[in-house]
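> fold the stuff below for me.
(one chain, ligands or ions: 1)
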Amino acid sequence: ENGSAAAIPIDPRFDIAYVTPVTIGTPPQTLYLDFDTGSSDLWVFSSHTPESQVRGQRIYSPEKSSTAKLLAGHTWSILYGDGSGSLGNVYTDNFTVGGVTVTSQAVQTAQQVSYSFTSQSEIHGLVGLGFSTLNTVFPNGQLTFFDNAKSTLDSPVFTADLKWKKEGTYDFGFIDETKYTGEITYLPVQTDPGYWTFTSSGYAVGDGAFHPASIVGIADTGTSLTYLPAEVVTSYWGQVDGAVDSDYYGGYVFPCSSKLPSFTFGVGPANITIPASYINYAQITEGSPVCFGGLQSSSWLGVNIWGDVALKAAFVVFNGANPPTIGWAKK
Ligand SMILES: N#Cc1c(N)n[nH]c1N1CCCC1
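Residues are numbered from 1 along each chain as shown. Just a heads-up that it's a prediction; the model follows:
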């Protein structure tokens with residue numbers, strides 16, 4: 001059975017993250033979760049989360065679900081690259097997204113969440129869509145929703161059609177030809193250690209010359225911005241009057257009134273152009289004349305990340321066949 005679900009920006013001012021409605025258990029409990037191709041744990045705010053750490057989030061209560069089963073002796077603990085994290089225990093239960101149901105999905109219930117999760121009331125947990133090798137459940141790692149659902153889908157794929165300041169969609173099991181233009185270019189994926197890792201063929205700043213390069217990075221729906229090698233972002237921000245790489249603000253900032261160039265990245269023989277508006281990410285604070293860039297350096301990260309700023313410029317196919325590939329199309 002195939003499916004389709006909304007990817008809703010959690011903030012109307014800028015695309016910090018997207019959430020998607022899911023139902024868990026019997027009778028169904030609806031939560032809005034962050035679908036994240038950069039991790040592989042499905043965890044939720046729950047009746048096991050201390051009240052002091054819950055601030056408006058919906059919670060999953062396994063004790064209210066007749067189909068919930070404790071996965072005895074199993075725990076989990078995850079730390080994300082931005083320093084946020086969570087931990088807890090594990091149940092299996094019915095899990096449905098956009099009409100696709102997995103009857104015994106490992107649902108990781110949070111017993112602790114870090115403050116950055118407590119402070120974001122619109123995100124009720126995560127659905128990891130990375131490879132199951134990254135799952136943190138101990139002693140036995142669990143399968144992602146996609147790995148569990150794959151065999152029931154017409155095709156072992158899911159697609160991401162994220163949008164700038166608008167609602168997009170995640171589709172499961174099929175490729176909707178109405179969502180893109182031209183051809184889809186498929187690239188090989190390196191599945192070790194478990195991210196959707198691919199190699200971009202280069203970049204161009206605005207209408208400038210294309211610079212062939214091999215940029216190895218991960219396609220990560222759970223990261224707001226895009227983080228690329230210093231030489232790439234330096235050549236981009238070098239074209240913007242008043243842009244500086246600020247220690248104070250933790251990245252490239254620029255006068256909000258500046259005209260930004262677009263950014264084009266290569267996908268095999270094809271390319272995707274990120275409009276300048278997507279790179280004019282947000283004012284530092286409400287009403288500030290200083291704006292934060294959507295393109296930042298990856299040098300302190302140790303990995304290049306094609307986050308939402310890049311993904312929303314394309315229609316992206318996450319092909320879970322053997323071997324997996326990743327497809328990119330203009331839209
Ligand atoms: N850091 C980080 C990160 C990432 N690279 N992918 N998803 C992430 N998060 C999901 C929720 C919090 C951080």
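> any stretches of this protein with poor pLDDT?
Scanning the chain for pLDDT under 70 picks out nothing.
> ok, for residue 32, nearest residue in space, not its chain neighbours?
Closest residue to residue 32 apart from its sequence neighbours, by C-beta to C-beta, 6 or more residues apart in numbering: residue 19 at 4.0 Å. Glycine gets a C-beta too; all of them are placed from N, C-alpha and C.
> who touches the one you found in this structure?
Contacts for residue 19 were tallied using C-beta atoms under 8 Å, 6 or more residues apart in numbering; they are 7, 8, 10, 32, 33, 34, 122, 123, 124.
> hmm, which of these are the buried ones?
7, 8, 32, 33, 34, 122, 123, 124 (16 or more other C-beta atoms under 10 Å).
> three-state assignment of residue 195?
The three-state assignment at residue 195 reads coil, by DSSP: H, G, I helix; E, B strand; the rest coil.
> sec struct for the nearest residue to it once chain neighbours are set aside, please.
In space, residue 195 comes closest to residue 218 once its chain neighbours are excluded; the distance is 4.0 Å by C-beta to C-beta, 6+ apart. Three-state call for residue 218 (three-state DSSP): strand.
> ok, now which ones touch residue 218?
37, 38, 195, 196, 197, 198, 303, 304, 305, 306.
> who does the last one bridge with?
Just to be clear, that refers to residue 306. residue 219 (DSSP bridges).
> and for it, the neighbour number?
31 (other C-beta atoms under 10 Å).
> before we move on, the earlier item: out of the contacts of residue 19, which is nearest to the ligand?
residue 34 (6.0 Å; C-beta to the nearest ligand atom).
> would JSON lines of the contacts of residue 19 with secondary structure be doable?
Rendered in JSON lines, the data for the contacts of residue 19 read as follows (three-state DSSP):
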{"residue": "7", "secondary structure": "strand"}
{"residue": "8", "secondary structure": "strand"}
{"residue": "10", "secondary structure": "coil"}
{"residue": "32", "secondary structure": "strand"}
{"residue": "33", "secondary structure": "strand"}
{"residue": "34", "secondary structure": "strand"}
{"residue": "122", "secondary structure": "coil"}
{"residue": "123", "secondary structure": "coil"}
{"residue": "124", "secondary structure": "coil"}
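> which of these come close to the ligand?
Subset of the contacts of residue 19 in contact with the ligand: residue 34, counting by C-beta under 6 Å from any ligand atom.
> excluding sequence neighbours, find me the nearest residue to the residue nearest to the spatial centre of the chain.
Among the residues of the chain, the one closest to the centroid is residue 221, at 1.7 Å (C-alpha atoms, centre = their mean). Counting by C-beta to C-beta, 6+ apart, residue 37 is the residue found nearest to residue 221 once chain neighbours are left out, at 4.6 Å.
> the one you found and the ligand, how far apart?
8 Å (C-beta to the nearest ligand atom, to the nearest Å).
> do residue 249 as well
18 Å.
> for residue 215, which residues make a bridge with it?
The partner residues for residue 215, given DSSP bridges, come to residue 200.
> how about it, what does it touch?
Contacts here follow C-beta under 8 Å, 6+ apart; on that basis residue 215 touches 199, 200, 202, 203, 228, 229, 232, 265, 304.
> show me what the fifth one is bridged to.
So the one you mean is residue 228. In beta-bridge terms (that is, DSSP bridges), residue 228 pairs with residue 297.
> residues in contact with it?
Counting by C-beta under 8 Å, 6+ apart, the residues that residue 228 touches are 203, 215, 217, 295, 296, 297, 298, 304.
> filter the contacts of residue 218 down to the buried ones and express that as a PyMOL selection.
A single PyMOL command suffices to select whichever of the contacts of residue 218 are buried according to 16+ other C-beta under 10 Å:
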select buried, resi 37+38+195+196+197+198+304+305+306
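> before we move on, back to that, can you tell me how far the residue nearest to the centre of the chain is from residue 285?
Look at residue 221 and residue 285: by C-beta to C-beta, to the nearest Å, they are 26 Å apart.
> who does residue 185 form a beta bridge with?
Beta-bridge partners, per DSSP bridges, of residue 185: residue 328.
> just checking, it touches residue 267?
Yes - judged on C-beta atoms under 8 Å, residue 185 makes contact with residue 267 at a distance of 4.9 Å.
> can you list residues touching both of those two?
residue 328.
> got the contact list for the residue in the stretch 151-300 of the chain positioned nearest to the ligand?
The nearest approach of the stretch 151-300 of the chain to the ligand comes at residue 222, 2.8 Å away (C-beta to the nearest ligand atom). Residues counted as contacts of residue 222 (C-beta under 8 Å, 6+ apart) are 17, 34, 35, 36, 37, 38, 39, 126, 307.
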